[in-house]
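Enquirer: mind folding the following:
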Amino acid sequence: MDDILGVIRQRRSVRRMKGDPLPPGTVERLLEAARLAPSWANTQCWDFIAVTDPEMRAALARAGGPKNAMPVAPLIVVACARPEASGNRAGLGYFMLDMGIAIEHLILEATSLGLGTCWVGWFDEDVVRRALGIPPEVRVVAMVPVGYADEVPPERPRRPLEEIVFWNRWGVRKAR
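Expert: Numbers count the residues shown, from 1 in each chain. Reported below is the predicted structural model:
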């Protein structure tokens, strides 16, 4: 079994990509990783659009995302959700959590294959919806360009465990 913590540590937001094609079967493998994600009551509220056409990638780049990745990456995965298919508890719609887990599965699989990704959440949803013919009841949650990195982004700082973990009760830090 692969070292998942090692893959997590390697993952970076790659904003500069090469246009080199992906090996056969790669797109399906990435989408399979997303498909296997857990979801609210196994409702699987997601749909994914694998965009490989250069003109379509250029149209999506106009909606937002890193300009040195979106039109260049050989693949953009557009992650869509059907909110009514997921759960809602105490006013919290779980479709975003469901989508987050599925997208992260895809991103970690891409990282394990030596590919770069960038989770794009800031974009004009209406532009994406029109470009891809997405119906109004479906939400576009994210776009993920996938390709070979043309940069090696540095590791981003993370707060140490001692600052983010309480033990057994809020405010109780682990005794040293």
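Enquirer: rest of the way, CA atoms for contacts and neighbours
Expert: OK.
Enquirer: may I see the buried residues of stretch 19-34?
Expert: For stretch 19-34, the neighbour count (16 or more other Cα atoms under 10 Å) marks 19, 27, 30, 31, 33, 34 as buried.
Enquirer: residues touching the second one, list them.
Expert: For residue 27, the contacting residues are 50, 75, taking Cα atoms under 8 Å, 6 or more residues apart in numbering as the criterion.
Enquirer: just checking, what packs against the longest strand along the chain?
Expert: As assigned by DSSP state E, the longest strand anywhere in the chain is strand 139-147. Identification of packing neighbours for strand 139-147 by 3 or more Cα pairs under 8 Å, 6 or more residues apart in numbering; DSSP states H and E yields strand 75-81, helix 95-112, strand 116-117, helix 125-132.
Enquirer: what does that strand contact?
Expert: 17-22, 69-70, 73-83, 96, 99, 110, 115-122, 125, 128-129.
Enquirer: need the helices and strands packed on strand 139-147 in CSV with mean neighbour count, mean pLDDT and distance to residue 52, can you?
Expert: Formatted as CSV, the helices and strands packed on strand 139-147 follow (neighbours: other Cα atoms under 10 Å; pLDDT from 0 to 100; distance: least, Cα to Cα, whole Å):
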stretch, mean neighbour count, mean pLDDT, distance to residue 52
strand 75-81, 23, 98, 5
helix 95-112, 22, 98, 16
strand 116-117, 30, 98, 15
helix 125-132, 16, 97, 12
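Enquirer: so which of those is nearest residue 138?
Expert: Shortest distance between residue 138 and the helices and strands packed on strand 139-147, using Cα to Cα, is found for strand 75-81: 5.6 Å.
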